[in-house]
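>>> Predicted model, plus sequence, below.
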Amino acid sequence: MQNDLTSGTTIKDSVQRLADDGKETIGVLKDRASMVADTLKQQYTSAVSRSVDFVQARPLAAIGIALGLGYMSRTILKLGMLAGAGLLLKEIVGPKIEARMNRGSSGLGSSSGLGGTTAGL
């Protein structure tokens, strides 16, 4: 085997050390992921339990909150869809309108782009 000029170790040793470091890092990451998953499960269980307790204690308030959240969600989605449709329409129709406006602004007595002239106005 060839020796590494700076430390005197072989390339095989360097690769083995790198692999060992990688395995150690993977082990640490797995442990952290497991801890995060456990924490999330506990928080989820706690949130569900508190929600059930609230609904049982105040059923009318829970219905009101659900209706309010549903209305807000619908409104936000509707506005988002309208905005998205507007942007899509602008992308599709915008260049055509812009081209017509540019053609119509070349002279004072030119056509308005709607089939008529501006002379009679």
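Right, received. Where do you want to start? Just so it is clear, the structure is predicted and the values come from calculations on it, not from any experiment.
>>> how far does stretch 91-107 sit from the chain's center?
Using C-alpha atoms, centre = their mean, to the nearest Å, the mean C-alpha position of stretch 91-107 is found 34 Å from that of the whole chain.
>>> try stretch 54-67
Taking C-alpha atoms, centre = their mean, the mean C-alpha location of stretch 54-67 is offset from the chain mean by 30 Å.
>>> What lies in contact with it?
Residues outside stretch 54-67 that contact it (C-beta atoms under 8 Å, 6 or more residues apart in numbering): none are found. In this view, the C-beta of every residue, glycine as well, is placed from N, C-alpha and C.
>>> at 10 Å what do you get?
51-52 (C-beta atoms under 10 Å, 6 or more residues apart in numbering).
>>> pull the CA atoms of that stretch into CSV?
Provided in CSV are the C-alpha atoms of stretch 54-67 (Å, rounded to 0.1, in the frame of the first residue of the first chain):
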residue,chain,number,x,y,z
PHE,A,54,-62.1,21.1,25.6
VAL,A,55,-64.8,19.7,23.3
GLN,A,56,-66.4,17.7,26.1
ALA,A,57,-66.3,20.7,28.5
ARG,A,58,-67.5,23.3,25.9
PRO,A,59,-69.3,21.7,23.0
LEU,A,60,-71.0,24.8,21.7
ALA,A,61,-67.7,26.8,21.8
ALA,A,62,-66.0,23.9,19.9
ILE,A,63,-68.7,24.0,17.2
GLY,A,64,-68.3,27.8,16.9
ILE,A,65,-64.6,27.5,16.6
ALA,A,66,-64.9,24.7,14.0
LEU,A,67,-67.3,26.8,11.9
